[in-house]
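1. predicted model and sequence below, questions to follow.
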Amino acid sequence: MSGSSAALQPPADAVKPVRHPDAPAPGELLGAHYEHCFGCGPGQPHGLHLEARAGEGVSLTAEFTVQPAHQGAPGLAHGGVLATALDETLGSLNWLLRTIAVTGRLETDFLRPVPVGTTLYLEAEVTAVAGRKIYCTATGRLGGPGGPLAVRADALFVEVKVDHFVDHGRQEEIQAVMNDPDQIRRTRAFEVNP
Ligand SMILES: CCCCCCCCCCCCCC(=O)SCCNC(=O)CCNC(=O)[C@H](O)C(C)(C)COP(=O)(O)OP(=O)(O)OC[C@H]1O[C@@H](n2cnc3c(N)ncnc32)[C@H](O)[C@@H]1OP(=O)(O)O
């Protein structure tokens, strides 16, 4: 059985998402939003090192290859790791809106086991926006765009101000991000849609 719950149905006043004029062009890699992010950070040794690429509209594709460190059952990806891959892919969509948002709700279907060594091919899009609420959906296929469907998710992200991270995060990491010499990554971490 699959399908999202009532909590993930956009309200009647929801609107179509609008791609930000400065969003990366279709085909362009998004890069990591944070060096130490478990989902996308290049400085995270056991992270997913997920790479997302802008698509048309408010959509993107992403890939990650399941490593031995990602096992749950012998030789198979842990379900929580797969949920993380979906969460990270969906979270990356917010860069196309130039909005800072965090996951409020994530509903996941696990349809097939994903063996170690598999490259999971993910596709995601924002389907609707209602005020601070961003509704989105994602799929993950084994091996490539035409591969068997292995996982899917629907999610609600909620837009937050940068204070969310300053208030709840740790001062040392926040300061390190502010000092990041990579200007695009610094902008991506701190820019809030006016
Ligand atoms: C240093 C900076 C770096 C930044 C880098 C970018 C970060 C990217 C990270 C990427 C990593 C990957 C991504 C990650 O892993 S993000 C990390 C995982 N997520 C979190 O840690 C979020 C924790 N939760 C919260 O902080 C708060 O609960 C939030 C901010 C989400 C809402 O609390 P807030 O007090 O602000 O707002 P509100 O409660 O008035 O709710 C607002 C509206 O939303 C609706 N609603 C809320 N929750 C749910 C729900 N569960 N189901 C259905 N609906 C829900 C709610 O009904 C309301 O609707 P309405 O009444 O208006 O109709």
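-> Received it, and whenever you're ready, just let me know what you need.

2. tell me where the longest helix sits in the protein.
-> In the chain, assigned by DSSP state H, the helix with the most residues is helix 79-92.

3. just checking, what packs against it?
-> Using 3 or more Cβ pairs under 8 Å, 6 or more residues apart in numbering; DSSP states H and E, the elements in contact with helix 79-92 are strand 51-54, strand 59-65, strand 101-110, strand 119-130, strand 133-142, strand 149-159. (Each C-beta comes from the backbone N, C-alpha and C, glycine too.)

4. alpha carbons of the next helix or strand after it, as CSV, please.
-> Downstream of helix 79-92, the first helix or strand assigned by DSSP states H and E is helix 94-97. Extracted as CSV, the C-alpha positions of helix 94-97 are listed here (Å, rounded to 0.1, in the frame of the first residue of the first chain):
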residue,chain,number,x,y,z
ASN,A,94,14.4,24.6,-1.6
TRP,A,95,17.5,26.0,-3.2
LEU,A,96,15.5,26.3,-6.5
LEU,A,97,13.0,28.4,-4.6
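
5. the ligand contacts on the chain?
-> With the criterion set to Cβ under 6 Å from any ligand atom, the chain comes near the ligand through 7, 33-34, 39, 87-88, 91, 100, 102-105, 131-133, 156, 158, 160, 162, 165, 174, 177, 189.

6. which among these end up buried?
-> By neighbour count, with 16 or more other Cβ atoms under 10 Å, the residues of the chain next to the ligand hold 33-34, 39, 87-88, 91, 100, 103, 133, 156, 160, 165, 174, 177, 189 as buried.

7. circling back to that earlier point, list of residues touching the longest helix of the chain?
-> 30, 33, 37-40, 48, 50, 52, 60, 62, 64, 66, 70, 72, 101-103, 106, 108, 110, 114, 120, 122, 124, 136-138, 140, 150-153, 155, 157 (Cβ atoms under 8 Å, 6 or more residues apart in numbering).

8. that one vs strand 101-110, what angle?
-> 140 degrees (axes from the mean of the first three to the mean of the last three Cα atoms, to 10 degrees).

9. what's the angle between helix 79-92 and strand 119-130?
-> Using the same axes, to 10 degrees, helix 79-92 lies at 50 degrees relative to strand 119-130.

10. and helix 79-92, what's buried?
-> Of the residues in helix 79-92, those buried (16+ other Cβ under 10 Å) are 81-92.

11. ok, now which residue in this structure is the farthest from the centroid?
-> Distance to the chain centre peaks in the chain at Pro74, reaching 26.2 Å (criterion: Cα atoms, centre = their mean).

12. quickly find the element holding it.
-> Applying DSSP H and E, one finds Pro74 in no helix or strand.

13. what mean pLDDT does stretch 172-187 have?
-> Across stretch 172-187, the average pLDDT comes to 79.
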